[in-house]
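Participant: can you look at this prediction? I've put the sequence above it.
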Amino acid sequence: MNSRAGLPFLLTILLTSPCMVWAQDSTATAVAPAPEAATPSTDWVAESNKITEEVMLQQARFVPERFSAQGITSVDAEVFDLGPRLYERSQKNTREIIKGLEERRKTLTDPKVIQDVDILLQALQEQYHSAGLQQQYMLPYYNLQNIMFQSFRSLLDPRNDKARYPAALERLKKYTGRAKGTDPVTELAIARTWERFDAPDLVGPYKGEMENHFKQQAQLKQGLEQIFKDSGLKGYEKDLALLNRQLAKYSDWLKKELLPRARDDHRLPPEIYADNLKNFGVNIEPEDLIRQAQLGFAQIQFQMKAIARTVAAERGLENSDYRYVMGVLQKELVPEKELMDFYLARLADIETIIRDNDIVSLPDRPARIRHATDAESAASPASFMSPPQLIGNTGQSGEFVLVSKNPTDTSGEAMSDFSNAPATWGLIAHEARPGHEMQFSSIVENGVSLARAIYAFNSANAEGWGLYSEALMIQYFSPEAQLMGLRSLLMRAARAFIDPMVNLGQISTEEALAFLTGEVGISTPLAQQEVDRYSFRAPGQATSYYVGYMNLMSLRTEVELRMRERFNQREYHDFILDQGLLPPELLRQAVLQNYVK
């Protein structure tokens, strides 16, 4: 997920991040006070937060749902802006914010506050650039069914204070146009798309993406209805029924007017794909990335071949090929009704390993794991971290949401990749501990500045830690779990060269699917969601895992070489987590100046 894209891209892609749902982004109108545990302990953080809050206030009018999800309760009832001249107004707003920050920077003296202002400026400048590219090349397309689901899924999250729930009724009225001074969001979306039909040389949405979204609509509709039912709210039924009718009419309009303008080729304009990579934190030219990732893939394969021979010998298997051995392991599934208890027990085992080997300081509270609903699985058919609200947090923690099926897959094959016992180890390390769950709990509990927690975010610096956590823990697993853990690492290396190859036209989606099932050894449903991710869900995002991992591994190697016997991995990992979600260059600077010395 990334915080810097233009509004159409923000609404259609970033609201449904493949790994972290409702992760950091854009706007708010007021900032609620942080709880005592997360109150900044230094003057520079307070000064930085004041500046960041002002930026949030200025951005508030365009996507208030995003900061409602962060914990800004004052915008819980507000809805995103799809009014006339949206592009011109939002770009003007961004220019004004940038100009104000540049003037403010001249008056600052604290180097850390200056650094945070530079983070804000870079994020806003990249947002401005991305919005310009979207306007230049892309015909707007709004997947409103998914946006509505994510909007209310966030506000009516069981972790939230239930005093916030009534705002959902007002938000619902505004989406439908029943609130005074509002128009139905479906009509606004049609207007913003329709007005661009005559613009020359615009690229329509990918036809396969739209067809995939149409398949999801029934599950998302049911999921939205269930969210309201579970909330305990009264009086929503009439407005929700109206919204569902409006969304159905909007879907008909999309099929009639926009689908004929959709493109058959999944590939984006090169400028858009390059911008995606940059926004996801990938600052490597695609061809260089392909070569580096292919080398990493081959090196991981060699490790897997060695471990597969060990597993085959222990099990008396005649065939020691890593693909065959993984196939045997993948058939040994934990029954669905036992899967959650199994994951929780495995989490306890991993926490014991972390403590026994002094890997990182664990929080006193337990980590949260739950099964995804069918609607969540349709919206994001891969397991993900649902972060806690970062502002005004009163004890909320992140949730590892386990997705065990791809509802849109038609192969009939089970997605057994994370329900076989050896594979559970790596996924827990990535999504829970020491991975994403600890990233976000550290941000909340250590009072990281808002600029570093929200505006510095990109997919590489978040997913890099998740994958680094997996790789870090593999050495402590059994040979079977090591093999499946390396498969996870292999898949991330494969992503880093298949995604650009798919988007540069060097390999077809069919060839990518065959490679993932054949050489990586994942199930067809998982491989299909991978290919969907590369081609239309979030082109470029899948590369960020391996790139972020390489950045962290390179940094650790440099630190160990400098410190030698002084290096302590628990202290090092605690320091990394304390920095928030800094980009690689700023993280390296912080580590070398403030940790190594």
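Facilitator: Here it is on my side, so go on. Numbering: from 1, shown residues only.

Participant: so where do the strands sit in the stretch 251-400 of the chain?
Facilitator: Using DSSP state E, counting those that start in this stretch, the strands of the stretch 251-400 of the chain run over residues 368-371, 384-386, 399-402.

Participant: helices or strands next to the shortest one in the packing?
Facilitator: The criterion is 3 or more Cβ pairs under 8 Å, 6 or more residues apart in numbering; DSSP states H and E, and the helices and strands that strand 384-386 contacts are strand 399-402, helix 436-445. In this view, the C-beta of every residue, glycine as well, is placed from N, C-alpha and C.

Participant: can you give me how far that strand is from the chain middle?
Facilitator: Relative to its chain's centre, strand 384-386 lies at 8 Å (Cα atoms, centre = their mean, to the nearest Å).

Participant: how about residues contacting the helix or strand encompassing A241?
Facilitator: Per DSSP states H and E, A241 falls inside helix 237-253. The list of residues contacting helix 237-253 from outside it, by Cβ atoms under 8 Å, 6 or more residues apart in numbering, reads 144-145, 148, 169, 172-173, 175-176, 178, 184-186, 189-190, 214, 217, 221, 224-225, 228.

Participant: if we use 10 Å, what do you get?
Facilitator: For helix 237-253, contacts defined as Cβ atoms under 10 Å, 6 or more residues apart in numbering pick out 142, 144-145, 147-148, 152, 168-179, 184-187, 189-190, 193-194, 210, 213-214, 217, 220-221, 224-225, 227-229, 233, 236, 259.

Participant: ChimeraX command for the buried members of the residues you listed?
Facilitator: Restricted to buried positions by 16 or more other Cβ atoms under 10 Å, the ChimeraX selection for these reads:
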select :142,144,145,147,148,152,168,169,171,172,173,174,175,176,177,179,184,185,186,189,190,193,210,213,217,220,221,224,225,227,228,233,236
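
Participant: quick check, pLDDT for P366.
Facilitator: On the pLDDT scale, P366 is placed at 91.

Participant: I'd guessed it sits against E351; true?
Facilitator: Yes - contact criterion Cβ atoms under 10 Å: P366 and E351 qualify, at 9.1 Å.

Participant: between the two, point out the one with more neighbours.
Facilitator: Per other Cβ atoms under 10 Å, whichever of P366 and E351 has more neighbours is E351, with 17 against 12.

Participant: helices of the stretch 401-550 of the chain, residue ranges please.
Facilitator: Taking DSSP state H, counting those that start in this stretch as the test, the helices found in the stretch 401-550 of the chain are 421-431, 436-445, 450, 459-474, 479-503, 509-515, 524-532, 544-563.

Participant: tell me who's in contact with the closest residue in space to Q396 that isn't next to it in sequence.
Facilitator: With sequence-adjacent residues excluded and distances taken as Cβ to Cβ, 6 or more residues apart in numbering, Q396 is closest to P388, at 4.1 Å. When contacts are counted by Cβ under 10 Å, 6+ apart, P388 touches 70-71, 157, 159-160, 368, 394-399, 437, 440-441, 443-444.

Participant: the longest helix belonging to the chain vs helix 421-431, what angle?
Facilitator: Looking across the chain with DSSP state H, the single longest helix is helix 286-315. Between the axes of helix 286-315 and helix 421-431, defined by axes from the mean of the first three to the mean of the last three Cα atoms, to 10 degrees, the angle is 140 degrees.

Participant: I'd like to know which elements helix 286-315 is packed against.
Facilitator: For helix 286-315, the elements it packs on are helix 270-279, helix 322-330, helix 459-474, helix 479-503, helix 544-563, judged by 3 or more Cβ pairs under 10 Å, 6 or more residues apart in numbering; DSSP states H and E.

Participant: out of those, which gets nearest to T52?
Facilitator: helix 459-474 (17.7 Å; Cβ to Cβ).

Participant: buried set for stretch 290-304?
Facilitator: For stretch 290-304, using 16+ other Cβ under 10 Å, the buried residues are I290, Q292, A293, Q294, G296, F297, I300, Q301, Q303, M304.

Participant: intersection of neighbour lists for P366 and E351?
Facilitator: Taking Cβ under 10 Å, 6+ apart as the contact rule, P366 and E351 both touch R433.

Participant: still on that earlier bit, how near is the residue nearest to Q396 to M415?
Facilitator: Distance of P388 to M415, given as Cβ to Cβ, to the nearest Å: 27 Å.

Participant: look at I72 and say how many residues are nearby.
Facilitator: 26.

Participant: follow-up on the earlier one: closest to V117 out of the helices of the stretch 401-550 of the chain?
Facilitator: Of all the helices of the stretch 401-550 of the chain, helix 450 sits nearest to V117, with 11.9 Å by Cβ to Cβ.

Participant: what's in contact with the closest one?
Facilitator: 24, 31, 34, 40, 45, 48-53, 55-56, 70, 116, 119-120, 390-391, 443, 456, 580.

Participant: could you dump stretch 198-210 to CSV, C-alpha only?
Facilitator: Included here for stretch 198-210 are C-alpha records, laid out as CSV according to Å, rounded to 0.1, in the frame of the first residue of the first chain:
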residue,chain,number,x,y,z
ASP,A,198,-14.0,12.4,-25.1
ALA,A,199,-10.5,13.1,-23.9
PRO,A,200,-8.0,11.8,-26.5
ASP,A,201,-5.7,8.8,-26.1
LEU,A,202,-6.9,7.8,-22.6
VAL,A,203,-6.4,4.1,-21.6
GLY,A,204,-9.5,2.3,-20.3
PRO,A,205,-9.5,-0.1,-17.4
TYR,A,206,-8.4,-3.7,-18.1
LYS,A,207,-11.4,-5.8,-19.2
GLY,A,208,-10.2,-8.8,-17.1
GLU,A,209,-10.2,-6.5,-14.0
MET,A,210,-13.7,-5.3,-14.5
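
Participant: show me what counts as buried in it.
Facilitator: Those would be L202, V203, G204, P205, Y206, K207, G208, E209, M210, for stretch 198-210 by 16+ other Cβ under 10 Å.

Participant: next up, phi/psi of P140, please.
Facilitator: Dihedral angles of P140 (phi, psi; degrees, to the nearest 10) stand at phi -60, psi 140.

Participant: returning to that earlier point: can you tell me which of the helices and strands packed on strand 384-386 has the worst average pLDDT?
Facilitator: Lowest mean pLDDT within the helices and strands packed on strand 384-386: helix 436-445, a mean of 88.

Participant: what's the angle from that one to helix 459-474?
Facilitator: Taking the same axes, to 10 degrees, one finds helix 436-445 and helix 459-474 inclined to each other by 120 degrees.

Participant: using CSV, write out every CA atom in helix 436-445.
Facilitator: The C-alpha coordinates for helix 436-445 follow below in CSV (Å, rounded to 0.1, in the frame of the first residue of the first chain):
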residue,chain,number,x,y,z
HIS,A,436,3.7,-6.8,10.5
GLU,A,437,1.8,-7.1,13.8
MET,A,438,4.9,-6.0,15.7
GLN,A,439,5.6,-3.2,13.1
PHE,A,440,2.3,-1.5,13.8
SER,A,441,2.2,-2.2,17.5
SER,A,442,5.6,-0.5,17.8
ILE,A,443,4.4,2.5,15.9
VAL,A,444,1.5,2.9,18.3
GLU,A,445,3.2,2.0,21.5
